[in-house]
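> Got a sequence here, can you build the structure:
(2 chains)
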Amino acid sequence: MNKREIPKGLRDLLPDEVAVKRSMEQKAAALFTSYGYREVVTPTFEYLDVVEAGTGGDIRKELFMFMDREGGILCLRPEMTVSIARLAATHMQDENFPQRLYYMCNVFRHVQPQRAQYREFWQLGIELLGASGIWADAEVITIAAKTLGEMGLIDFKISLNQIAIFNSLLNDSGLKEEDQNRIRNLVERKDLVELSRVLERLDIKDAIKESIALMPVLHGGLEVINRIPYAEHNRQAAEAIGELEKIYQALKLCGVIDHIVLDLGVLRGLDYYTGVVFEGYSPDLGYGLLGGGRYDNLMGHFGFPRPATGFALGLDRLALVIDRPQELPRRFLVGGTDFAAVVAEADRLRQQGCIVEMDVEGGSKEQLQNKLQGRRDYHLIYLGED
Amino acid sequence: MADYLTIALSKGNLLKPTLEMFSAVGLPTDGVDEDSRNMVFSYEEPTIKYIMCRPTDVPTYVEQGAADLGIVGKDVIEEQSRDVFELVDLGYGYCRFVVAGPEKYKGTAIKGFNYKRAATKFPVVAERFFRSQGLQVEIIKLHGNIELAPIMGLADIIVDIVSTGRTLRENNLVELVNIMDSTTRLICNRVSYRTKHEQIQPLVELIQKTVKRGMTS
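Model (predicted):
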């Protein structure tokens, strides 16, 4: 093995890239804090049982798994929401709810690496724990939209859905769980060709079939939610539709409605979502930027049932579409023959808020001038004889 | 300024029926020519761009968002397992994935292929099929003339795409198992579907209608 090789799908972040990442983190942290969210950090790896209890479904094929020396099966965290639910159930049972928490962490998935998809990537996000009701959802979605706005994105969209609409239609169909999962998967992947074939073969009410076939393509403003033929026969679906409508109205009041689109095909991959779900996109990137939603059953898996909602944003993807930050302030290079004088001058400038490097190699004025040739962001100060 | 809707077209035998379908739904097609040096064809009314790609590259362009829509065979989509939306079955370009081999295997139950060697240009489809049957079949990836492999003893059987079956017959091979049928599909980038919905959805509906009419007439 070449000693410079790193594991597939990982990457080094160089100073310019870290500067972009830090600037995004600072903007997000300021925004989250202004809404009362407080930062938490959880362990980089967890017991496999914990992660699987939370995410459910088929996540194991995307996990990095290993064993500790006591024989426990561990995995690198594939996302943060499960860990934060566990953290709250462990440490916050005596606190007042709702709790507002945020995080900025690296997460790990064993995926095929490609542009905008790495095996270690950075997520930041918020969790609003212990609050049910549409105002909580509206707060989280508003913060998601404002986060993208803070990062300098203008032309982005957030697609909104309430997955209980789809789930209660599926429940009403009387299909076996296996068939339900298959249909959910096809709608999620928008494989409309296979979906129509599968639906054709199934023995379920035509109105349900028609609704399921229509949902992946229903997309737009409030008008789309009246276009689901079967919904009025199903109380839960009708309630979910009513909720979606109220959230849409609430988001108007929150000032982010220009970015909101209803999209009844958004189901999100993870099994823990129970209500409103959403995804954020930029037209400049072929991959989603953020995703989130309501997960009222997740904390119950850790013995502390509480409603909850949140979102996570992929920093690596966002970095691909935002403009580079402004140039840094001017830097100074202070050199000279008398080290005490150099130190004193450098400290004086730093106290004024400047970025100051000291010439630690004892170069002559001419040498330092040559070094800075073409670097207009540097200003040279030379103390002493030339 | 309206954004261009970019459609990745498959060069080769899918191009002619694709352009026919495009004319039928009122999309511009004049000047589109795969032999031209030009690989990008832009139109202003409506604002559409076609890019001319090798069929196997179409899912890549669409998944990465370099094209919003793509026209490509299900066989290619299946082999590449790309994360794209599959919106319409266009019906043309029929072919099927089959397991084929020398005459002596005719009538062999599928478990009879356990521990055999299969040559193919489509290792993903082949591997997935045999594994789904609970079989261990050694997959040998080749880049062309797959029919040669059983003749020369490189493999026992092959997994390949056939449309009429003539090439198989000419090489004294017979079709043993039909793995799946394939036709041409309209695929879409996950994000474009949402950010350019106003451009894409009406077009998709128009194509669906045209395809349906074509099938019944």
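> State which helix of chain B is the longest.
helix B:197-216 (DSSP state H).
> near chain A, anything from that one?
Yes - contact of helix B:197-216 with chain A (Cβ under 8 Å from any Cβ of the partner chain) involves B:197, B:201, B:204. In this view, the C-beta of every residue, glycine as well, is placed from N, C-alpha and C.
> In that helix, which of the residues would be classed as buried?
Within helix B:197-216, the residues that qualify as buried by neighbour count (16 or more other Cβ atoms under 10 Å in any protein chain shown) are B:197, B:199-201, B:203-204, B:207-208, B:210-211.
> Stretch B:155-163 too?
Applying 16+ other Cβ under 10 Å to stretch B:155-163 flags B:155-162 as buried.
> that older thread, which among the residues of helix B:197-216 next to chain A gets closest to chain A?
Comparing the residues of helix B:197-216 next to chain A against chain A with Cβ to the nearest Cβ places residue B:197 closest, at 4.9 Å.
> residues contacting the closest one?
Residue B:197 makes contact with A:219-220, A:261 under the criterion Cβ atoms under 8 Å, 6 or more residues apart in numbering or on different chains.
> from the residues you listed, which are also near chain B?
Of the contacts of residue B:197, the ones that also sit near chain B (Cβ under 8 Å from any Cβ) are A:219-220, A:261.
> Could you identify the buried members of those residues?
So, by 16+ other Cβ under 10 Å, the buried ones in these are A:219, A:261.
> Please narrow the ones next to chain B among the contacts of residue B:197 to those residing in strands.
Counting by DSSP state E, the part of the ones next to chain B among the contacts of residue B:197 found in strands is A:219-220, A:261.
> How is the chain divided into domains?
Let's take chain A. For chain A, automatic domain parsing gives the domain ranges A:7-153+A:282-326, A:157-269, A:331-383.
> My question was about chain B, not that one.
By the assignment in automatic domain parsing, chain B contains the domains B:5-93+B:183-216, B:95-181.
> right, and out of the ones in strands among the ones next to chain B among the contacts of residue B:197, which lies closest to chain B?
Closest approach to chain B among those (Cβ to the nearest Cβ): residue A:219, at 4.9 Å.
> Save the domains of chain B as a markdown table, and put in mean pLDDT too.
Listed next are the domains of chain B as a markdown table, based on pLDDT from 0 to 100:
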| stretch | mean pLDDT |
| --- | --- |
| domain B:5-93+B:183-216 | 92 |
| domain B:95-181 | 93 |
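> Pick the most deeply packed of those domains.
domain B:5-93+B:183-216 (a mean of 19; mean count of other Cβ atoms under 10 Å in any protein chain shown).
> Please compute how far that domain lies from its chain's middle.
12 Å (Cα atoms, centre = their mean, to the nearest Å).
> where does the closest residue to chain A within chain B land in three-state SS?
Closest contact between chain B and chain A, by Cβ to the nearest Cβ, is at residue B:65 (2.1 Å). Secondary structure, DSSP: H, G, I helix; E, B strand; the rest coil: residue B:65 is coil.
> near chain A, which residues of chain B show up?
Near chain A, when you scan chain B using Cβ under 8 Å from any Cβ, you find B:3, B:63-66, B:74, B:83, B:85-89, B:185, B:188-197, B:201, B:204.
> which residues of chain A score low on pLDDT?
Under the criterion of pLDDT under 70, the regions of chain A flagged as low confidence span A:1, A:57, A:269-270, A:324-329, A:385-386.
> ok, now which ones touch the residue positioned nearest the centre of chain B?
Taking Cα atoms, centre = their mean, the centroid of chain B lies closest to residue B:73, which sits 1.9 Å from it. By Cβ under 8 Å, 6+ apart, the residues touching residue B:73 are B:10, B:14, B:55, B:93, B:95, B:182-185.
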